[in-house]
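S.K.: Sequence first, then the predicted structure:
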Amino acid sequence: MAREDADRAALRDVNWRMILRLEASISVGIGLLMLIIWALAGARHFWPAWVWFGLAIPLALQVAIRRGLRAPKGHRLLAAHGAITCVLASILLAIWLLAGARHAFWPVWPILGLGVVLVGHAWVRHALPTAREQALADRVEVLTRTRRGALDVQAAELQRIERDLHDGAQARLVSVAMNLGLAEELLSKDPQSLTELLAEARSSTLTALADLRTVMRGIQPPVLADRGLEGAIRALALDLAVPVTVGGEIPGRVPVPVESAAYFTVCECLANVVKHSGALQARVDVGYRGGVLSVAVRDDGVGGASLAAGSGLRGVARRLEVFDGTMTLTSPAGGPTVVTMEVPCELSSPRT
């Protein structure tokens, strides 16, 4: 890409030089023609100087602007302004000299005005932050926002885990403890009733284990640890009501935090496909190129999805921002809907 940009810049430079040479040749030809006409007309007053002066102005302005644009990035506008100011000052001096230089040196006032404007431009440019300072300020703003988003996501996850444990596994285990307490009391009084209580305790224990597995899948799904991101997405696609095709390949193992964030963002997107899109089919494409993990979720639903419509997609965006990731949404009315997620990361060797 950098090579192509350099080639295009070199081609533009060559084209500009050719055009400038052509204009200069035409100007010289016109100037010589005026000189011949002046000589044939009697050579009394050297008026061709004004013609040469007029022909030189556009050439000088083009060269000045071109020189200014060659300055380092961030200083080009000021450099072009300075070059144009010098050309205009030279034009005023040339007019004063061609007019005979008999009157007072009036060009000093417009030149002074041009200089004041240039100094003001330079002062404003110096007062403004440099490109690096602006980039650092933008980076600080992004980090502040993503840190706040990460804390919000973490707090929401902790609340969800606490709620699931309290309403699920904890309630089941309390029931098991109560049944075992009753069984202990009945052991000496009514041994025949122990069978039913022990069976109920066993059933509650198995249900509590299932609840714990569900909570664990919400934290870090075992399939994600076993098969990686690509395999986990393929396993997820098998359990959905809408047919989902998974394509692409990741040539390595994604870091665990990024892998988990990407997996849950795909889960959210596919959940939206099932609940809201009315799609007949969907597709997930994964890939890795240039140090960036990309995941695209497409469906042929009704479209019209928006980041402002609900909290799910906003949560996806906040989850990815923690890793400097981005999310783009394209969902015109009538579909299709395409959610593209990109996260910079480094891959490790694939697990064997």
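M.R.: Structure's in. What do you need?
S.K.: D300 contacts V338, correct?
M.R.: No: judged on CB atoms under 8 Å, D300 makes no contact with V338 at a distance of 10.6 Å. C-beta: built from backbone N, CA, C; applies to glycine.
S.K.: Quickly list what's touching both of the two.
M.R.: Common contacts of D300 and V338 (CB atoms under 8 Å, 6 or more residues apart in numbering): none found.
S.K.: show me where the stretch 251-352 of the chain has helices.
M.R.: For the stretch 251-352 of the chain, helices defined by DSSP state H, counting those that start in this stretch occupy the ranges 256-272, 311-321.
S.K.: Any idea which of those gets closest to I19?
M.R.: Closest of those to I19 is helix 311-321, at 46.9 Å (criterion: CB to CB).
S.K.: buried sites along that closest one?
M.R.: G312, L313, G315, V316, A317, R318, R319, L320, E321 (16 or more other CB atoms under 10 Å).
S.K.: same question, stretch 332-347
M.R.: G335, P336, T337, V338, V339, M341, E342, V343, C345.
S.K.: which one of the buried residues of helix 311-321 is nearest S306?
M.R.: Closest approach between the buried residues of helix 311-321 and S306, by CB to CB: L313, at 7.9 Å.
S.K.: got a list of what that closest one touches?
M.R.: Here L313 is in contact with E268, C269, N272, A305, S306, L307, M327, L329, V339 (criterion: CB under 8 Å, 6+ apart).
S.K.: which of the residues you listed are buried?
M.R.: E268, C269, N272, A305, M327, L329, V339.
S.K.: still on that earlier bit, could you redo the buried residues of stretch 332-347 as JSON lines and give each row pLDDT and distance to P251?
M.R.: Formatted as JSON lines, the buried residues of stretch 332-347 follow (pLDDT from 0 to 100; distance: CB to CB, whole Å):
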{"residue": "G335", "pLDDT": "75", "distance to P251": "32"}
{"residue": "P336", "pLDDT": "85", "distance to P251": "28"}
{"residue": "T337", "pLDDT": "86", "distance to P251": "28"}
{"residue": "V338", "pLDDT": "89", "distance to P251": "24"}
{"residue": "V339", "pLDDT": "88", "distance to P251": "23"}
{"residue": "M341", "pLDDT": "88", "distance to P251": "18"}
{"residue": "E342", "pLDDT": "89", "distance to P251": "17"}
{"residue": "V343", "pLDDT": "87", "distance to P251": "16"}
{"residue": "C345", "pLDDT": "85", "distance to P251": "13"}
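S.K.: Nearest spatial neighbour of T330, chain-adjacent residues omitted?
M.R.: Excluding the flanking residues, the one nearest T330 by CB to CB, 6 or more residues apart in numbering is V338, at 4.6 Å.
S.K.: what pairs with the one you found across the strands?
M.R.: R298, T330 (DSSP bridges).
S.K.: Flag the least confident of the contacts of L313.
M.R.: Least confident entry in those, by pLDDT: L307, with 69.
S.K.: how's this protein carved up into domains?
M.R.: Using automatic domain parsing, the domain parsing of the chain gives 2-128, 133-219, 224-344.
S.K.: any idea which of the ones you listed is most buried?
M.R.: Across these, the average number of neighbours (mean count of other CB atoms under 10 Å) peaks for domain 224-344, which reaches a mean of 17.
S.K.: This completes my enquiry, with thanks.
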